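*Asks:* Return atomic coordinates for the entry below.
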Amino acid sequence: MNFNSLVAAIQQVHYELSAQASRAVNVSLTMRNWFIGCYIAEYELHGADRTVYGDKLLSALAKKAGASEQLQPEAVIQLSSFLQIQASWGSLSSRRLPSKPSLSFSESG
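*Replies:* Numbering: from 1, shown residues only. Below you'll find the model as predicted:
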């Protein structure tokens, strides 16, 4: 192996693994969006205090979740998109996805 071969090998590894990482991130973000949409849809149907929020659910959710450092601002802005993704994709239970953690909507909080 000479110097030029070393450079080429490093560039190739960088290119291929960077592309693979990007695909993995895209899959993870898509799954995140679908799960968030599922939680919102379930809350709209079964949430114990859902009548308190009514049509203001997404704006209240964005305000409360946006105050958390765990959600990025762009994710909060897209809450309605996540709900649309879930509605258009429906159930993905036939596909191999990690189990969605179950939430109890009968508890307040």
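*Asks:* CA atoms for contacts and neighbours, from now on please.
*Replies:* Noted.
*Asks:* so how many other residues sit close to Gln86?
*Replies:* 21 (other C-alpha atoms under 10 Å).
*Asks:* Quick one: residues contacting it.
*Replies:* By C-alpha atoms under 8 Å, 6 or more residues apart in numbering, the contact set of Gln86 is Trp34, Phe35, Gly37, Cys38, Ala41.
*Asks:* Phi, psi for the second one please.
*Replies:* When you say that, I think you mean Phe35. Phe35 adopts backbone torsions of phi -60, psi -40, taken as degrees, to the nearest 10.
*Asks:* switch to numbering from 783
*Replies:* Done: numbering now begins at 783, and the last item shifts to Phe817.
*Asks:* how far away is it from His796?
*Replies:* As judged by C-alpha to C-alpha, to the nearest Å, Phe817 and His796 stand 31 Å apart.
*Asks:* can you tell me the helix or strand for Ser862?
*Replies:* Element membership for Ser862 (DSSP states H and E) is helix 861-871.
*Asks:* If we go by neighbour counts, what in that helix is buried?
*Replies:* Leu861, Ser862, Ser863, Phe864, Leu865, Gln866, Ile867, Gln868 (16 or more other C-alpha atoms under 10 Å).
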